[in-house]
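Engineer: okay, structure incoming, though there's no sequence with it:
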């Protein structure tokens, strides 16, 4: 019984194969079923086959790389066609997105009016912008406008807002104010109204409908905003200093539009 157990243990740990066949066997190191090195014997044919397999693997990698280079070269040779196709697809994607948004309920087509700085009146063949009461100045009129990114729970309705800046005053006939001072408590919607006005102006100029019953505006060349209150203590700038600096930057780079 003891002899059988000893033989089984030896057979599990070491596998010794001794073959002598005209010196055609070579020794190679390998791992046994236990963490110990053993000697493995390979014939000359196996060694040659392993070398041939390794050479074929390297050749396959080289052929794969060469085929990839040929595909890329063929793709690059038609780069102009691919670029035109990509531009067309991007244009179609943008137009489809604008059409999808514009088809939603509550969206209307904005009216772009001209101001006194516009020299194009249609005499040179270019389409003239529509005129309105604010033809001699910048104007921004939004009636029953809503934030385009507002997501409400089922059954809830957003409160629309009206914005009227520039143009002519309906009561006096003179120029209407171009400045709106809005005050209110925290979480009262001041920043939301600012974002809403800016987003609708941008959407109107890219050719998209806007979520409003009526929208009319003259071309706007840039949008400046500053929201929130923050300081730069490490730079020695208080919250009030930062607010004044950002407001000064807006006034310094603002144009008549």
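Structural biologist: Great, that's in hand. Because the structure is predicted, anything quoted here is derived from the model rather than measured.
Engineer: can you tell me the closest non-neighbouring residue to residue 206?
Structural biologist: Excluding its sequence neighbours, the residue lying closest to residue 206 (CB to CB, 6 or more residues apart in numbering) is residue 98, at 7.2 Å. For the C-beta atoms, the positions are set from N, CA and C on the backbone; glycine is no exception.
Engineer: my error: substitute residue 197 in the last question.
Structural biologist: Among residues not flanking residue 197 along the chain, residue 163 sits closest, at 5.6 Å (CB to CB, 6+ apart).
Engineer: also residue 162?
Structural biologist: residue 143 (5.4 Å).
Engineer: show me what the residue nearest to residue 197 is bridged to.
Structural biologist: Beta-bridge partners for residue 163, by DSSP bridges, are residue 142.
Engineer: residues near it, how many?
Structural biologist: Using other CB atoms under 10 Å, residue 163 is surrounded by 18 other residues.
Engineer: what's the answer for residue 88, then?
Structural biologist: Neighbours of residue 88 (other CB under 10 Å): 10.
Engineer: so which residues of the stretch 151-257 of the chain form helices?
Structural biologist: 190-205, 239-253 (DSSP state H, counting those that start in this stretch).
Engineer: contacts for the last one next, please.
Structural biologist: Outside of helix 239-253, the residues that reach it under the criterion CB atoms under 8 Å, 6 or more residues apart in numbering are 222, 224, 226, 229, 230, 231, 232, 237.
Engineer: name the nearest of these relative to residue 197.
Structural biologist: Distance to residue 197, by CB to CB, is smallest for residue 224 among the contacts of helix 239-253, at 12.2 Å.
Engineer: ok, the closest residue to the closest one other than its chain neighbours to residue 100 distance?
Structural biologist: The shortest distance from residue 224 to any residue other than its chain neighbours is 4.2 Å, reached at residue 250 (CB to CB, 6+ apart). Residue 250 is 34 Å from residue 100, where distance means CB to CB, to the nearest Å.
Engineer: ok, now residue 61?
Structural biologist: For residue 61, the distance to residue 100 equals 47 Å [CB to CB].
Engineer: over to residue 211?
Structural biologist: 14 Å.
Engineer: got a list of what residue 100 touches?
Structural biologist: For residue 100, no contacting residues are found, by CB under 8 Å, 6+ apart.
Engineer: just confirm it is within a strand.
Structural biologist: No. Going by DSSP: H, G, I helix; E, B strand; the rest coil, the assignment for residue 100 is helix, not a strand.
Engineer: correct me, but residue 227 touches residue 190?
Structural biologist: No. Contact status for residue 227 versus residue 190: not in contact, 9.2 Å apart, counting by CB atoms under 8 Å.
Engineer: for the two, indicate the residue with more neighbours.
Structural biologist: Neighbour totals were compared for residue 227 and residue 190, and residue 190 leads with 14 against 10 (other CB under 10 Å).
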